[in-house]
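Peer 1: curious how this folds, go ahead:
(chains A, B, C and D)
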There are 2 protein chains.
Amino acid sequence: MARTAGRPPRSKAEILEFRSKIGKHALEIYRAEGFEAISMRRLAKAVGCAPMTIYAHFDGKTDILRYLWADVLTDMSGDIAEKLKSVAGPSERLQSAAHSFIAYWIDHPDHFRLVFMSNDVTRADVSTFVMGEDTLAHFLMFSDLIREVHPEEHDVKMSTDTLISGLIGIALCMNTMPDYPWADPTSMTNQLLLSIIT
Amino acid sequence: MARTAGRPPRSKAEILEFRSKIGKHALEIYRAEGFEAISMRRLAKAVGCAPMTIYAHFDGKTDILRYLWADVLTDMSGDIAEKLKSVAGPSERLQSAAHSFIAYWIDHPDHFRLVFMSNDVTRADVSTFVMGEDTLAHFLMFSDLIREVHPEEHDVKMSTDTLISGLIGIALCMNTMPDYPWADPTSMTNQLLLSIIT
DNA sequence: ATAATACTTGGAACGCGTTCTATATTAATG
DNA sequence: CATTAATATAGAACGCGTTCCAAGTATTAT
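Peer 2: Numbers count the residues shown, from 1 in each chain, chains lettered A, B, ... in the order given. Sure, this is the predicted structure:
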């Protein structure tokens, strides 16, 4: 301990506050004008700081974009929950959620790109959290639905991950290769569900 | 007809030749130094023309990258075929192919990004072919394998598309969200296959 | 006050994809 | 030959993400 002289480092609270402040402005721009409109120079102007300052708090643009994930995922979860209200049976509920999931990403290709096509595939800094608790919850909702269908044993974790990644794959294909005559996404989703429900 | 004066448009053969010439150089750079190394200015230098000229033949960078797909997919198909040599039963062959598919994209994240994460999600020019006959063949191989498993009716087209997009989804998740504790990719692939094989 | 440390700032710079414009260059017709 | 249309070229420009650096500002212990 025994601080030497000089300005002390910012408290963790301050750091988080600044980060979320930048994230808030990024979200504003994204909602108003979409993905392309978010630029570091512009974001800095919106926040009211120098472009350089942002780099002191974030590793880069992708690191900022992660702040928008939660927002999009919340929107998606809301969509699913809304449609889920009027569905009763366990397997029907799982199916409804899956179809809503697909529909959401097909209806919002820009959101899909934001969440699933962030372009820093290269570096996998395990240190950063990437998927926080809250972000995760939006996906684990499928676990609950699967558990309702299979109250017995069954490897819920694996079924969930398979379903999620499978669904994301369908959405990716529809988004990135729209010219290929894919089978009906609804049919594909049902087919995918077969491996979980049966 | 009755041509007016002036230089005639290039023949289709010439156009294709120029395009493939650019594609060839792009592939060279990609193989030698990877994705990031491909830039329009540098590519022009390699081809021996002005950067502007490329834009007369391609819509943009993404349009060029498509030329590299075939190469990557051929490589992948080779990988699958190689491992498939020593596998006998119909369903075993399908499983082998699926696992090889996943393994390939996990082992080559840069290739995955090149093929499945081209960033022009926005515009869907139906006019451009996007997936040529040859490119397509690498995916339709799964159709044959599925048909071997199910000689009867069964909607092969839909099963194939579901399997392909599901596999791509698993690969995408492993590549873009490496920090999330996904279930074992092998297990997920098997789970995915359940919906097709049964 | 002074010195030491942490952080912010402004500006320049690099290479990028892309667009624009004005100026060749090429190859056909008349 | 000249004319005319198709193409290629050079160069500048825009905004982008990102990096570097020198200078400034803020906050603390001494």
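
Peer 1: by contact count, what packs against the helix of greatest length in chain A?
Peer 2: Assignment by DSSP state H gives helix A:61-84 as the longest helix of chain A. Packing partners of helix A:61-84 (3 or more CB pairs under 8 Å, 6 or more residues apart in numbering or on different chains; DSSP states H and E): helix A:12-33, helix A:90-107, helix A:109-116, helix A:133-149. In short, each C-beta sits where N, CA and C put it, glycine included.

Peer 1: show me the shaky parts of chain A.
Peer 2: Low-confidence segments of chain A, defined by pLDDT under 70: A:1-3, A:6-7, A:9, A:119-132.

Peer 1: now the residue sitting nearest the centre point of it: closest residue in space, sequence neighbours ignored.
Peer 2: Per CA atoms, centre = their mean, the C-alpha nearest to the average position across chain A is that of A:W69, at 4.2 Å. Distances taken as CB to CB, 6 or more residues apart in numbering or on different chains put A:V115 closest to A:W69, at 5.3 Å, once the chain neighbours are dropped.

Peer 1: so what are the domain limits for chain A?
Peer 2: For chain A, automatic domain parsing gives the domain ranges A:9-58, A:66-197.

Peer 1: related to what we said a few turns ago, what sits against the residue nearest to A:W69?
Peer 2: By CB atoms under 8 Å, 6 or more residues apart in numbering or on different chains, the contact list for A:V115 reads A:W69, A:V72, A:L73.

Peer 1: neighbours around the residue lying closest to the last one once chain neighbours are set aside, how many?
Peer 2: Taking CB to CB, 6+ apart, and ignoring the residues beside it in sequence, A:L73 has A:H138 as its nearest neighbour in space, at 4.1 Å. A count of nearby residues for A:H138, using other CB atoms under 10 Å in any protein chain shown, gives 20.

Peer 1: briefly note if stretch A:44-59 comes near DNA strand D.
Peer 2: Yes. Residues of stretch A:44-59 are located near DNA strand D by CB under 7 Å from any atom of the strand, namely A:P51, A:M52, A:Y55.

Peer 1: quick one, what contacts A:R41?
Peer 2: Contacts of A:R41 by CB under 8 Å, 6+ apart are A:P51.

Peer 1: next one: it from DNA strand C, what distance?
Peer 2: 9 Å (CB to the nearest atom of the strand, to the nearest Å).

Peer 1: same check on A:E17?
Peer 2: 10 Å.

Peer 1: count residues in the vicinity of that residue, would you?
Peer 2: By other CB under 10 Å, neighbour count at A:E17 equals 12.

Peer 1: distance from the helix or strand encompassing A:G169 to the middle of the chain?
Peer 2: If you go by DSSP states H and E, A:G169 is part of helix A:156-176. Centre-to-centre, helix A:156-176 and its host chain are 13 Å apart (CA atoms, centre = their mean, to the nearest Å).

Peer 1: get me the contact residues on chain A for DNA strand C.
Peer 2: Neighbours of DNA strand C within chain A, by CB under 7 Å from any atom of the strand: A:4-10, A:18, A:49-53, A:56-57.

Peer 1: so the helix holding A:G169 versus helix B:109-116, what angle?
Peer 2: Comparing the axes of helix A:156-176 and helix B:109-116 via axes from the mean of the first three to the mean of the last three CA atoms, to 10 degrees yields an angle of 50 degrees.

Peer 1: check contacts around the residue of chain A found nearest chain B.
Peer 2: Closest approach between chain A and chain B, counting by CB to the nearest CB: A:G169, at 1.9 Å. Listed by CB under 8 Å, 6+ apart, the contact partners of A:G169 are B:S165, B:G166, B:L167, B:I168, B:G169, B:I170, B:A171, B:L172.

Peer 1: what's the closest of these to B:K157?
Peer 2: Of all these, B:K157 sits closest to B:S165, with 12.5 Å by CB to CB.

Peer 1: got a list of what that closest one touches?
Peer 2: B:S165 neighbours (CB under 8 Å, 6+ apart): A:G166, A:G169, A:I170, A:L172, A:C173, A:W182, A:M188.

Peer 1: widest-spaced pair of the residues you listed?
Peer 2: Most distant of the contacts of B:S165, by CB to CB, are A:G166 and A:W182, 13.9 Å apart.

Peer 1: compare those two (neighbour count), which wins?
Peer 2: A:G166 (31 against 19).

Peer 1: just to revisit the earlier point, let me have the contacts of A:G169 in JSON lines, extended by distance to B:K83.
Peer 2: Shown next, in JSON lines, are the contacts of A:G169 (distance: CB to CB, whole Å):
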{"residue": "B:S165", "distance to B:K83": "22"}
{"residue": "B:G166", "distance to B:K83": "20"}
{"residue": "B:L167", "distance to B:K83": "15"}
{"residue": "B:I168", "distance to B:K83": "19"}
{"residue": "B:G169", "distance to B:K83": "22"}
{"residue": "B:I170", "distance to B:K83": "18"}
{"residue": "B:A171", "distance to B:K83": "17"}
{"residue": "B:L172", "distance to B:K83": "22"}
